[in-house]
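Undergrad: sequence unknown, structure follows:
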């Protein structure tokens, strides 16, 4: 198995609180990975560590065989809980800005996605609803030609139509390019069809991990696996 | 536009977003004009108006606040994720903010210069002898020297503000106490130096040459710049 990310005994503390505790695992390359777990399980922390936004307290992380650094971020697109877009920009300005700062940003693709997501390029970001803002952020993230996408709760707290559109866009992305996509989500029912591999986290530890198809055969659905682990 | 200048432009807009630009200019126009009128209600001629430096000096006290606001914006508007996950080294991310703030400083100083001198000119229409023995050339030159000196302090004050802002969202918040304390003890220097020069007081320490001031400012700039990078890299509370 080719690895996109490898963690060896990774621990991350926030003061006295342990967010991740001695996590060791390998995340396969070129697959859509579901990162599942309850609130506070350590999903966001794990994604931030992979993105290189923060460092582990101990242990080692390798992303494409390199310790996360600013150069590797050219190959990573991260959309996290602190990834709201700049409110004073218009959508078209946001696209242009992203094209200027992100290497390999596909401006035509972004415009295509805008059309698909039904967003008016002339609108200001501050005028957008929560769902529309998430759609825009996702466009700015997915229009980057990178090898690894890290999406932290992209479906959380937004309307049904936006959620459906986001799922459709992710399906389109996966059918077009061979990328590694790690999505943390609570909306398992809607996103479960996407997952090829799942990782379940609880209290900062990996409690279950495996090929999604195999788990579906064994248990029935990812949702059932989730219930089995967390109930 | 290159990535660096795109980020500078974005940070520049973040300091005063477009929709507030007119308000900011109006406030500046009103404050400088009001300050000027207040000053000249007690002083009859420009050469005697030693307090006129305040039209510019206030900016030195506001600079760390404006610079900190750049970090507060990223945090409060939850845009930190985009900023920190950009594929550029941390020194680069800090440098764009410092450059944007420096450009804003230049812009504000230029606006003050224009507003103040238009005010003085308008006053000469009512009171032709307001300049006394001072020529327009000397008046302008003095202001340019003042602005030049303040631009020497600017990098230190900007990086201090950025460092203070970054520290506020880190695990080492307590370090911000000595940082702001340093600002507290260095800031009277800006004022006393000006007052002593204008009032011709003989305070030796305030005769410090601009080379020394520039060098110390540069050294402190480097320390705060490095401190900001270290904090972002290792100590951010995200």
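TA: It's in. Since the model is a prediction, treat every value here as computed from it, not as a measurement.
Undergrad: use CA for all of it now, contacts and neighbours both
TA: Fine.
Undergrad: ranges for the helices of the chain?
TA: I'll assume chain A. A:43-51, A:91-101, A:107-116, A:130-142, A:160-176, A:188-191, A:212-219, A:222-230 (DSSP state H).
Undergrad: nope, chain B
TA: Here chain B has its helices, by DSSP H, at B:3-15, B:18-39, B:54-76, B:80-84, B:90-126, B:136-168, B:176-198, B:210-234.
Undergrad: looking at those, which is closest to residue A:114?
TA: Smallest distance to residue A:114 across the helices of chain B (Cα to Cα): 19.3 Å, for helix B:80-84.
Undergrad: the closest one: how far from the chain's middle?
TA: Relative to the centre of its chain, helix B:80-84 is centred 26 Å away, using Cα atoms, centre = their mean, to the nearest Å.
Undergrad: which helices and strands does it pack with?
TA: For helix B:80-84, the packing partners by 3 or more Cα pairs under 8 Å, 6 or more residues apart in numbering or on different chains; DSSP states H and E come out as strand A:76-79, helix B:90-126.
Undergrad: deepest of those, which one?
TA: Most buried of those, by mean neighbour count (mean count of other Cα atoms under 10 Å in any protein chain shown): strand A:76-79, with a mean of 27.
Undergrad: strand partners (parallel or antiparallel) of that one?
TA: Here strand A:76-79 is paired, per DSSP bridges, with strand A:148-152 (parallel).
Undergrad: any idea of the angle the helix or strand bottoming out on mean pLDDT in chain B forms with helix B:210-234?
TA: When each helix and strand of chain B is scored by mean pLDDT, DSSP states H and E, helix B:176-198 comes last, with a mean of 79. With axes from the mean of the first three to the mean of the last three Cα atoms, to 10 degrees defining the directions, helix B:176-198 sits at 160 degrees from helix B:210-234.
Undergrad: got the angle for helix B:176-198 vs helix B:54-76?
TA: Helix B:176-198 and helix B:54-76 meet at an angle of 160 degrees, taking the same axes, to 10 degrees as the criterion.
Undergrad: what distance separates helix B:176-198 from the centre of its chain?
TA: 13 Å.
Undergrad: what packs against it?
TA: helix B:54-76, helix B:136-168.
Undergrad: give the buried residues for the first one.
TA: Neighbour counts over helix B:54-76 (16 or more other Cα atoms under 10 Å in any protein chain shown) mark B:55-57, B:59-60, B:63-75 as buried.
Undergrad: next: the longest one.
TA: Neighbour counts over helix B:136-168 (16+ other Cα under 10 Å) mark B:143, B:147, B:150-168 as buried.
Undergrad: my guess is residue A:77 meets residue A:150, correct?
TA: Yes: in this structure, residue A:77 is within contact of residue A:150 by Cα atoms under 8 Å, at 6.1 Å.
Undergrad: shared neighbours of the two, which are they?
TA: Residues touching both residue A:77 and residue A:150 (Cα atoms under 8 Å, 6 or more residues apart in numbering or on different chains) are residue A:51.
Undergrad: can you tell me which helices and strands the helix or strand bottoming out on mean pLDDT in chain A packs against?
TA: The helix or strand of chain A with the poorest confidence is helix A:188-191; it has a mean of 82 (mean pLDDT, DSSP H and E). Applying 3+ Cα pairs under 8 Å, 6+ apart, one finds that helix A:188-191 contacts helix A:222-230.
Undergrad: show me what contacts the residue nearest the centre of chain A?
TA: Compute the mean C-alpha point of chain A, and by Cα atoms, centre = their mean the closest residue is residue A:151, 1.6 Å away. Residues in contact with residue A:151, defined by Cα under 8 Å, 6+ apart, are A:47, A:78-80, A:181-184.
Undergrad: let me have the residues you listed in CSV, extended by distance to residue A:109 and pLDDT.
TA: Formatted as CSV, the contacts of residue A:151 follow (distance: Cα to Cα, whole Å; pLDDT from 0 to 100):
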residue, distance to residue A:109, pLDDT
A:47, 25, 95
A:78, 18, 95
A:79, 18, 94
A:80, 21, 90
A:181, 18, 95
A:182, 21, 96
A:183, 21, 94
A:184, 24, 93
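Undergrad: hmm, which two among those residues are most spread apart?
TA: Checking the contacts of residue A:151 with Cα to Cα, the most distant pair is A:80 and A:181, at 13.4 Å.
Undergrad: now for these two: what residues contact both?
TA: Residues touching both residue A:80 and residue A:181 by Cα under 8 Å, 6+ apart: A:150-151.
Undergrad: interface residues of chain B facing chain A?
TA: Residues of chain B lying near chain A by Cα under 8 Å from any Cα of the partner chain: B:1-4, B:6-7, B:14, B:17-18, B:75, B:77-82, B:84-90, B:233-234, B:236-238.
Undergrad: let me know the pLDDT of residue 18.
TA: Since you didn't name a chain, this refers to chain A. You'll see residue A:18 listed with a pLDDT of 92.
Undergrad: wrong one, chain B
TA: 77.
Undergrad: pull the contacting residues for it.
TA: Shown in contact with residue B:18 (Cα under 8 Å, 6+ apart): residue A:88.
Undergrad: one more: residue A:149?
TA: Residues in contact with residue A:149 (Cα under 8 Å, 6+ apart) are A:76-78, A:141-142, A:179-182.
Undergrad: what's opposite it in the beta bridge?
TA: Under DSSP bridges, the beta-bridge partners of residue A:149 are residue A:77, residue A:181.
Undergrad: can you read off the pLDDT for it?
TA: 95.
Undergrad: quick one: it and residue A:112, what's the gap?
TA: 19 Å (Cα to Cα, to the nearest Å).
Undergrad: residues from chain A in reach of chain B?
TA: Close to chain B, as judged by Cα under 8 Å from any Cα, chain A has residues A:14, A:51-55, A:70-74, A:77-86, A:88, A:97, A:100-102.
Undergrad: what about 6 Å?
TA: A:70-71, A:73-74, A:82-85, A:100-101 (Cα under 6 Å from any Cα of the partner chain).
Undergrad: can you lay out those residues as a markdown table showing neighbour count and pLDDT?
TA: Shown next, in a markdown table, are the residues of chain A next to chain B (neighbours: other Cα atoms under 10 Å in any protein chain shown; pLDDT from 0 to 100):
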| residue | neighbour count | pLDDT |
| --- | --- | --- |
| A:70 | 19 | 91 |
| A:71 | 13 | 92 |
| A:73 | 26 | 93 |
| A:74 | 20 | 94 |
| A:82 | 19 | 85 |
| A:83 | 23 | 85 |
| A:84 | 21 | 89 |
| A:85 | 23 | 93 |
| A:100 | 19 | 95 |
| A:101 | 19 | 95 |
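Undergrad: got the phi and psi for residue B:169?
TA: Note on residue B:169: backbone dihedrals following degrees, to the nearest 10 are phi -110, psi 30.
Undergrad: the closest residue in space to residue B:152 that isn't next to it in sequence and chain A, how far apart?
TA: Closest residue in space to residue B:152, ignoring its immediate chain neighbours: residue B:214 at 5.6 Å, by Cα to Cα, 6 or more residues apart in numbering or on different chains. As for residue B:214, its distance to chain A is 32 Å (criterion: Cα to the nearest Cα, to the nearest Å).
Undergrad: and residue B:174, by the same measure?
TA: 15 Å.
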